[in-house]
Every structure is written in structure tokens, then in C-alpha cells.
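Colleague: Kindly return the folded structure for what I paste below:
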Amino acid sequence: MQPDRDPHCEKVCFYLAPLEGITTFIYRRIYREMFGGMEKYFSPFIAPVSRQRFKKRDERDILPEHNEGVPLVPQVLTNNADDFLFAAGCLREYGYDEINLNLGCPSGTVVTKGKGAGFLAYPERLDRFLDQVFAGTDVPVSIKSRLGVERPEEFLDIIRIYNKYPVHELTIHPRVQKDFYKNRPDWDMFERALEISRNPVCYNGDINTCEDYHRFRERFPSVDRIMIGRGIIADPGLLRQIRSGETVSGREVLVFLERLCEAYEQIMPGEPALFKMKEIWSYICRNHPDGVKLWKKIRKTRNLKEYKSIICLL
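Modeller: From the prediction side, this is the model:
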């Protein structure tokens, strides 16, 4: 039986992974106030658009006044070095001292444009891109990467490219793009990457329970940086349990969700706020004892009044 608490977890840095549409500044702020424990929070990706500007939604998410007290690392999605350097300059002006490059997003709409994990299919272009980026900015640049597009072995060539540059931190999600979030993370290839990498390595992928964490630490005790995304959305108290062995009550999770809903309503009243809550509940219900029936009820709600009438009975 695995212990509830890792006695060495105080030596591990935990990061909140970026999930598009979910881990926005509202989620990050309320999560940090109620649960905390994260050394870094990564924003959902910012994609610079034509004429070198940010979308208003993206800019709002990374404004310093919306992230006060949150150690945020903005993430940028692009395959154009000039656009990345433009973003780096703007983010430096906002006061950020690290920028993360997204080379992991498996979405088809992103990959077909040669961005995210799709950029990994063009190693020569990626090498030229990184050469321009590291020559053109003094802002520390970290990378979040998958193993490749189709085969894990692709990463052996990709990591040699990363090794040419002073990557501030390399977060490896050991799946290929074709996996999306299916199949198991390839720990064998992650182990090889640890041996090869000249840059600090962070792990990301399927840490959804304390048992997952303990299994990972048993095999990789030297890895002291772990990024968690979907596991935290499904169980906001997961990190507290890892760090202290203390479980979070169902009531505390409901208060967290109530605060989220109130904050979303203030910014996006009505249907958009309901959509946000449904998206989060699609993860939360995975851990609920009556999750299948509850999710069916929540999914069918047509407005916030219906939604709240269900939640108030829990």
C-alpha cells in the first residue's frame, strides 16, 4: 500500500499545467487562494496574430493586475520567431521573467498549421526557430514538449536540438501527438530523455492520484519538478494530499466551484459562465461517487438557475 504522503515532496516543485479555456486567471487566482501549493502556474497558450498583437482575450488573461500574487509563466504558441520575440518583448514589459514555448498541443487545428506538437515534425525548421529565439531575447525561455508526432523515438533527434540551447526548463509530456491523451505516457523514453538532456527536466502526464505520484517518484526519485493539469481539475485537493496526506472535503470543493461560478458570472454572464462550469464538472465528476448520473444532469442544464438547483442539493 502506497503512503498518502511523500516525505520528500518538500523538495519537489509543482506546476499547474495550462488547459485551454480552463486554467484562466479566474481559475488560477481562486485555486491559489483556496489550495495553493504550486510553485508556478502556466497560462493557456497565447497565439500572436497578424500585425504582431495579442487577441484581447489572451491579453486579458496575462495582465499583471489579473494575476497579482500568482507566479505566472505565460505560454506562447507560434512557429514564427519574429512573433515569439514580439511576444517576449511585450511580456517582459509586463514584468514576466520566464516565457514558455508550446511544443506540446496535440489539437488538429494547431498541428495542421505546424504549431504546437505539429512543429516537431519539422526539426530543421525548429532548430532555426530556436536559434533566432535564443539569440534575440534575454528573457529565460522554457519549453513544454511532446515526444514527437508519430513515434516516441523521434524525441532522440528533437532533444539533441534542445540541447544546443540554454533552455530554462524542459517539460516533457511523454506521449506523441497522435496519442492525444490516450495510451500510457512512455516512461522508458522519458528515462532516456533524462539521461540525454543537458537542460533541467520537468515531468508532465497522468498524475491524477496520489498513487500515480508515488509510482512516478518510485521510478524517478531524482525528478524534482512535476507539472499537473487534468489531475488537479478533477481533484483540486490532490496537491494538498500529496504534500500533507490530508484529503480535501467535498464541501470545500463545492465552495471552490461556487466561487468560480460567481467570478465567471461577473465577467461572462449567462450561457458562457454555464459552459465554463460544465467544462470543469466534466473533470470533477470523474471522482464523484455518483459521477455518471451527476454529469448527465449537469450536462443537460440549460441555464445557471437549473445548474445551481442541482449543485445546491449536493
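Colleague: how distant is the one helix or strand Arg28 maps to from the center of its chain?
Modeller: For Arg28, the element it lies in under DSSP states H and E is helix 25-34. For helix 25-34, the gap between its own C-alpha mean and the chain's C-alpha mean amounts to 14 Å (C-alpha atoms, centre = their mean, to the nearest Å).
Colleague: now do stretch 54-65
Modeller: Stretch 54-65 sits 17 Å away from the centroid of its parent chain (C-alpha atoms, centre = their mean).
Colleague: got the CA coordinates for the helix holding Arg28 in PDB?
Modeller: C-alpha atoms of helix 25-34 as PDB (Å, rounded to 0.1, in the frame of the first residue of the first chain):
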ATOM      1  CA  PHE A  25      -6.700  33.900 -14.500                       C
ATOM      2  CA  ILE A  26     -10.000  33.400 -12.700                       C
ATOM      3  CA  TYR A  27      -9.300  29.700 -12.000                       C
ATOM      4  CA  ARG A  28      -5.700  30.300 -11.100                       C
ATOM      5  CA  ARG A  29      -6.500  33.100  -8.600                       C
ATOM      6  CA  ILE A  30      -9.200  31.200  -6.800                       C
ATOM      7  CA  TYR A  31      -7.300  27.900  -6.800                       C
ATOM      8  CA  ARG A  32      -4.200  29.600  -5.300                       C
ATOM      9  CA  GLU A  33      -6.300  31.300  -2.600                       C
ATOM     10  CA  MET A  34      -8.100  28.100  -1.500                       C
END
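Colleague: hey, where'd the helices end up in the stretch 151-300 of the chain?
Modeller: Listed from the start of the chain, the stretch 151-300 of the chain has helices (DSSP state H, counting those that start in this stretch) covering 155-162, 187-196, 210-219, 230-234, 238-244, 250-267, 271-284, 291-300.
Colleague: Compare the ones you listed and report which one is nearest to Arg29.
Modeller: Taking C-beta to C-beta, helix 250-267 is the member of the helices of the stretch 151-300 of the chain nearest to Arg29, at 8.0 Å. Bear in mind the C-beta positions are built from the backbone N, C-alpha and C, glycine included.
Colleague: Quick one: list the elements packing against that closest one.
Modeller: helix 25-34, helix 271-284, helix 304-311 (3 or more C-beta pairs under 8 Å, 6 or more residues apart in numbering; DSSP states H and E).
Colleague: Check these for me and report the most buried one.
Modeller: Compared across the helices and strands packed on helix 250-267, helix 25-34 shows the largest average neighbour count, a mean of 20 (mean count of other C-beta atoms under 10 Å).
Colleague: what does the helix or strand following it rub up against?
Modeller: Helices and strands here follow DSSP H and E; after helix 25-34, the next one along the chain is strand 40-42. Applying C-beta atoms under 8 Å, 6 or more residues apart in numbering, the contact partners of strand 40-42 are 13, 15-18, 23, 28, 32, 70-75, 100, 144, 227.
Colleague: Quick one, grab the pLDDT at Leu239.
Modeller: Note for Leu239: predicted pLDDT of 97.
Colleague: Surely it is in contact with Ile233?
Modeller: No: applying C-beta atoms under 8 Å as the test, Leu239 and Ile233 come out as separate, 12.0 Å apart.
Colleague: where does Arg92 fall, phi/psi-wise?
Modeller: With angles defined as degrees, to the nearest 10, Arg92 sits at phi -60, psi -40.
Colleague: Can you give me the neighbour number for it?
Modeller: Here the number of neighbours of Arg92 (other C-beta atoms under 10 Å) works out to 14.
Colleague: quick one on the thing from earlier: ok, which of the helices and strands packed on helix 250-267 comes nearest Glu218?
Modeller: helix 271-284 (25.9 Å).
Colleague: Can you check what angle separates that closest one from helix 250-267?
Modeller: With axes from the mean of the first three to the mean of the last three C-alpha atoms, to 10 degrees defining the directions, helix 271-284 sits at 160 degrees from helix 250-267.
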